[in-house]
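Novice: structure, please.
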Amino acid sequence: MTKFDDPSEKKEAQSSVKKSAEFTTPRRSFLMGSAAAAAGAAAFAVSGTTPAFAGGQPAPQPGPQPDFRSPSSLGAAARHRGSSASANRKATQIGIGYETWFDAVGWPRPEAEPVLGHYSSLDEGVIRQHAAWITYAGIDHIIADWSNNLGGNWTSGTAAKIIAGTDKVFEVYSKMPANARPQIAILLGVDNGQAGTANFNAQIDQIKTKYLANKAYNSLLVQHDGKPLLTIYTGARTTVPPTWSDPAFTVRWMGAFREIVLNPGGQWSWVDRVAYANGAETAISAFDSAAFSGWSADAPWSVQKVTTQPAFNVSLDEVIATSQPVGNADQKTGNLTSAPFTITQRVISFNAIGFDMSAGSDLPNLDGRNVYLLKDAVTGAILRSAVPPGDSTRLYVRQWNVSDLVGRSVVFQAVNNSTLGGLGWFGFTALIQQRPEQMTAVVANPGNEGPGSFANWDAHSRNSGANLVEMIANAYRYEPEFLTIQQWNEFGRPDQFSVAGSNDIEPTKITTLAGADSDGWGFYYLKLVRDLVDQYRSGAAFPAVTLDSRYP
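Specialist: Numbers count the residues shown, from 1 in each chain. Next up is the predicted model:
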């Protein structure tokens, strides 16, 4: 989805649909096997290179590599949600962003051409084929994107056509067997930046009338906490989300780029550059005054308001606990320790700033260290640790997976043992317990400055799938209630900057297979997502896949 401005033909796809539905070809080996999983980290091999023995002789060449320019190497479908190996993973609903805007904005500058051609969002054959591919990959639901109106409103013809495309998806899905199509969630957008306006409420009424009140359509809606899920995109925001709600829905606000703007208030995230566990927050401590309210503080700890510069030309004023000395005072050592608390959620989060110039993994050695610790309240044993980011201008998200510690009494401790002048301090914002409701895994991402910044040093290209594997590995650790994969079929600028900088995975035509310089990706990413989802459902501790550097 193009998240930064308001975007202003029906072709035959029958032959492509027929060909692409042939998933019966015997599966070729695409996974690395148990040795990779035993390595203790997310593992992947990269093909497309020619290894050699130490003596300079060529290594034996592997057999033919899978060809993902056609569906012949796709193999069997991924395990479905109900067959997951654990309760947490069985609860995980995996969704993917889905656009129905091709009768609204057309195909002016797609980064690649889909196998199905420049189709209409109203084409029933295309909708059915998309459903077949999406369910093959083990994805539970699509997220119908109505959100591209952050700078406009719902009175435009573009919005009406996007909604008409969604209506058609509901119509087609309602006639398909449940195991042959995904469910549907709606991602609404705010009306010219606001929720609760007349236009916004008109869209809510439309969802209720057309989808909730229709028995055949209601059963297609994704459920969360006992109600249909309604997500609302607000853009990358530095403040808590709006307070609007509706008792007919479970409402969740969607931000973006949590690693940059922090997404306060427990917002979910449509797109991140780092995969974080997002969800409802319970504050353990909020530093809103000079008093630490139950914490024990040695010198030099104090509460201060700092101005940070995350990105997007936005400055944030944040209240933090910090060991930074005032003025030109010498850096002193000392600890800041919370009162004991009981872990009730599976994630603990905070935002970090400052330095640890003796950073290392050799805990419990704390000599000269600045470090955040989670300790057993009775024994003092170190259960988790984290280090400051080495930056005095930005706050960085820190998270701990504490699912194995739920019910345990613990304390949080910030240990300042550095006396290094100017670089011996660190700090943090309020400590929160967080429900791991949602995580996002993205195929490719722009740099920190947002739209169009795919050529910057901090952008993340597809890299033959390495970016997606790295992000989705965190979902294996945190086992969120919702995993959002980005995305299926935007095919629009500036988010889909190039083939290598795109996050679309819908199969595309490909005539030039040349890594990042390819003109498409074929069925490669459909198969990769299928394997990652299948391994997740199997209970694997880490993703273990083979990446093919011939593909972008």
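Novice: need the strands for the stretch 51-200 of the chain, in chain order.
Specialist: Taking DSSP state E, counting those that start in this stretch, the strands of the stretch 51-200 of the chain run over residues 93-98, 141-146, 183-189.
Novice: so which elements touch the last one?
Specialist: Helices and strands touching strand 183-189, as assessed by 3 or more CB pairs under 8 Å, 6 or more residues apart in numbering; DSSP states H and E, comprise strand 141-146, helix 157-173, helix 198-207, strand 227-233. Bear in mind the C-beta positions are built from the backbone N, C-alpha and C, glycine included.
Novice: in that strand, what counts as buried?
Specialist: The neighbour-count check on strand 183-189 (16 or more other CB atoms under 10 Å) flags 183-189 as buried.
Novice: cool, stretch 294-310 as well?
Specialist: Taking 16+ other CB under 10 Å as the criterion, stretch 294-310 shows 295, 297, 300-303, 306, 308, 310 as buried.
Novice: circling back to that earlier point, quick one: closest of the strands of the stretch 51-200 of the chain to residue 259.
Specialist: With CB to CB as the criterion, residue 259 lies closest to strand 93-98 of the strands of the stretch 51-200 of the chain, at 18.9 Å.
Novice: and the helices in the stretch 351-500 of the chain?
Specialist: Counting by DSSP state H, counting those that start in this stretch, the stretch 351-500 of the chain has helices at residues 466-478.
Novice: for it, what spans make up the strands?
Specialist: For the stretch 351-500 of the chain, the strands defined by DSSP E, counting those that start in this stretch occupy 370-376, 382-386, 391-401, 409-416, 426-428, 431-434, 438-442, 482-486.
Novice: neighbours around residue 206, how many?
Specialist: Residues near residue 206, counting by other CB atoms under 10 Å, number 13.
Novice: list the residues that contact it.
Specialist: Going by CB atoms under 8 Å, 6 or more residues apart in numbering, residue 206 touches residue 163.
Novice: now residue 324
Specialist: 300, 304, 354, 425, 427.
Novice: does anything pack onto the one helix or strand residue 260 maps to? Which helices or strands?
Specialist: Per DSSP states H and E: residue 260 is located in helix 258-261. Here helix 258-261 touches strand 302-311, strand 391-401, going by 3+ CB pairs under 8 Å, 6+ apart.
Novice: make CSV out of those and add mean pLDDT.
Specialist: Conversion of those to CSV gives the following (pLDDT from 0 to 100):
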stretch, mean pLDDT
strand 302-311, 80
strand 391-401, 93
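Novice: now render those strands as a markdown table, adding distance to residue 348.
Specialist: Compiled in a markdown table, these are given as follows (distance: least, CB to CB, whole Å):
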| stretch | distance to residue 348 |
| --- | --- |
| strand 302-311 | 20 |
| strand 391-401 | 5 |
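Novice: and of those strands, who's closest to residue 373?
Specialist: Residue 373 lies closest to strand 391-401 among the helices and strands packed on helix 258-261, at 10.5 Å (CB to CB).
Novice: output the contacting helices and strands for that closest one.
Specialist: Under the contact criterion of 3+ CB pairs under 8 Å, 6+ apart, strand 391-401 touches helix 258-261, strand 302-311, strand 314-322, strand 347-354, strand 382-386.
Novice: and the first one, which residues are buried?
Specialist: Yep, that's helix 258-261 we're talking about. 258-261.
Novice: determine which two of those residues are furthest apart.
Specialist: Across the buried residues of helix 258-261 (CB to CB), the longest gap, 8.4 Å, separates 259 and 261.
Novice: got the buried residues for stretch 87-101?
Specialist: Within stretch 87-101, the residues scored as buried using 16+ other CB under 10 Å are 88-89, 92-101.
Novice: hmm, back to that, and of the helices and strands packed on helix 258-261, who's closest to residue 177?
Specialist: strand 391-401 (36.9 Å).
Novice: got the contact list for the residue minimising distance to the centre of the chain?
Specialist: Nearest to the geometric centre of the chain sits residue 440, at 1.3 Å (CA atoms, centre = their mean). Going by CB under 8 Å, 6+ apart, residue 440 touches 268-272, 275, 278, 471, 483-486.
Novice: OK, contacts around residue 286?
Specialist: Counting by CB under 8 Å, 6+ apart, residue 286 makes contact with 319, 430.
Novice: 7 Å instead?
Specialist: Counting by CB atoms under 7 Å, 6 or more residues apart in numbering, residue 286 touches residue 430.
Novice: how much space separates it from residue 431?
Specialist: Distance of residue 286 to residue 431, given as CB to CB, to the nearest Å: 9 Å.
Novice: quick revisit: Serialize the helices and strands packed on strand 391-401 to a markdown table and add fields for distance to residue 79.
Specialist: Formatted as a markdown table, those follow (distance: least, CB to CB, whole Å):
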| stretch | distance to residue 79 |
| --- | --- |
| helix 258-261 | 29 |
| strand 302-311 | 38 |
| strand 314-322 | 42 |
| strand 347-354 | 25 |
| strand 382-386 | 31 |
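Novice: for the ones you listed, which one sits closest to residue 223?
Specialist: Closest among the helices and strands packed on strand 391-401, using CB to CB: strand 347-354, at 22.5 Å.
Novice: how long is stretch 185-195 from one end to the other?
Specialist: 18 Å (CA to CA, to the nearest Å).
Novice: meant to ask about stretch 541-552, not that
Specialist: Stretch 541-552: ends 27 Å apart by CA to CA.
Novice: quick one, grab the pLDDT at residue 163.
Specialist: Looking at residue 163, its pLDDT reads 91.
Novice: and it, what is it in contact with?
Specialist: By CB under 7 Å, 6+ apart, the contact list for residue 163 reads residue 146.
Novice: now swap in residue 88 and tell me
Specialist: By CB under 7 Å, 6+ apart, residue 88 lies in contact with residue 479.
Novice: how does it look with 8 Å?
Specialist: Contacts of residue 88 (CB under 8 Å, 6+ apart): 403, 479.
Novice: just the buried residues of stretch 341-358, please?
Specialist: 341, 343, 345-356, 358.
Novice: right, I mislabeled it, should have said stretch 257-276
Specialist: Buried, per 16+ other CB under 10 Å, within stretch 257-276: 257-264, 266-276.
Novice: helix, strand or coil for residue 531?
Specialist: Of the three states, residue 531 takes helix under DSSP: H, G, I helix; E, B strand; the rest coil.
Novice: how near is it to residue 75?
Specialist: Going from residue 531 to residue 75 by CB to CB gives 9 Å.
Novice: circling back to that earlier point, for the helix holding residue 260, C-alpha coordinates in CSV please.
Specialist: C-alpha atoms of helix 258-261 as CSV (Å, rounded to 0.1, in the frame of the first residue of the first chain):
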residue,chain,number,x,y,z
ARG,A,258,7.9,1.5,15.1
GLU,A,259,11.7,1.4,15.2
ILE,A,260,11.6,5.1,14.1
VAL,A,261,8.6,6.7,15.7
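Novice: after it, next one along is what?
Specialist: For helix 258-261, the following helix or strand on the C-terminal side (DSSP H and E) is strand 268-269.
Novice: which secondary structure element of this structure has the lowest mean pLDDT?
Specialist: When each helix and strand of the chain is scored by mean pLDDT, DSSP states H and E, helix 34-37 comes last, with a mean of 30.
Novice: show me this structure divided up by domain.
Specialist: Per the record, the chain has its domains at 64-280+436-548, 283-434, by automatic domain parsing.
Novice: quick one on the thing from earlier: report the two of the buried residues of stretch 87-101 separated the most.
Specialist: So, the buried residues of stretch 87-101 by CB to CB: farthest apart are 88 and 101, at 34.5 Å.
Novice: is residue 84 in contact with residue 90, as I believe?
Specialist: Yes: the criterion here is CB atoms under 8 Å, and residue 84 meets it with residue 90 at 3.9 Å.
Novice: quick one: low-confidence residue ranges for the stretch 401-550 of the chain.
Specialist: Applying pLDDT under 70 to the stretch 401-550 of the chain flags residues 447-454, 457, 494.
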